[in-house]
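>>> 3D, please:
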Amino acid sequence: MPQTVIQEQFCRRPCPVRAAYDATRGVFIDENLDVANNTFDRSILLHELVHHAQAVSGRFDMVSSDCMRRNWAEQEAYFIQNRYLTE
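Modelled structure (predicted):
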């Protein structure tokens with residue numbers, strides 16, 4: 001979908017988001033990303049799919065603070081994304 005639609009759905013102000021994950025609606029990805037041919041764009045999709053795996057597995061359900069849960073989830077997703085890019 002257009003990046004502006006993703007921004008409207010997930011940001012409270014203009015932001016550079018290119019993809020997002022919502023546990024009830026799935027992965028939203030900018031229509032301009034080329035996941036078939038661009039490694040970095042593919043890593044963005046991977047990052048969001050990590051969030052899906054975290055959600056369905058209950059990976060951080062034991063963390064009582066929403067803020068901490070979100071931070072840990074983002075740290076793990078960026079770690080995996082960066083490892084993918086390194087390899």
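>>> Show me what the helix ranked longest in the chain is in contact with.
Ordering each helix of the chain by length in residues (DSSP state H) puts helix 66-86 first. By Cβ atoms under 8 Å, 6 or more residues apart in numbering, the list of residues contacting helix 66-86 from outside reads 39-40, 42-44, 46-48, 50-51, 54, 59-61, 63. Yep, even glycine has a C-beta here, placed from its N, CA and C like the rest.
>>> Selecting buried members of the residues you listed in PyMOL, what would you type?
In PyMOL syntax, the buried subset of the contacts of helix 66-86 is picked out as below (16 or more other Cβ atoms under 10 Å):
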select buried, resi 42+43+44+46+47+48+50+51+54+59
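>>> Could you give me the buried positions within stretch 18-32?
For stretch 18-32, by 16+ other Cβ under 10 Å, it's Arg18, Ala19, Ala20, Tyr21, Phe28, Ile29, Asp30.
>>> As a markdown table, these with secondary structure, pLDDT and distance to Phe79 would be great.
A markdown table is the format used below for those (DSSP: H, G, I helix; E, B strand; the rest coil; pLDDT from 0 to 100; distance: Cβ to Cβ, whole Å):
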| residue | secondary structure | pLDDT | distance to Phe79 |
| --- | --- | --- | --- |
| Arg18 | coil | 95 | 19 |
| Ala19 | strand | 97 | 17 |
| Ala20 | strand | 96 | 18 |
| Tyr21 | strand | 96 | 16 |
| Phe28 | strand | 97 | 22 |
| Ile29 | strand | 97 | 20 |
| Asp30 | coil | 97 | 22 |
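>>> Take those residues and lay them out in a markdown table including distance to Gln3.
Shown next, in a markdown table, are those (distance: Cβ to Cβ, whole Å):
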| residue | distance to Gln3 |
| --- | --- |
| Arg18 | 6 |
| Ala19 | 9 |
| Ala20 | 11 |
| Tyr21 | 15 |
| Phe28 | 10 |
| Ile29 | 9 |
| Asp30 | 4 |
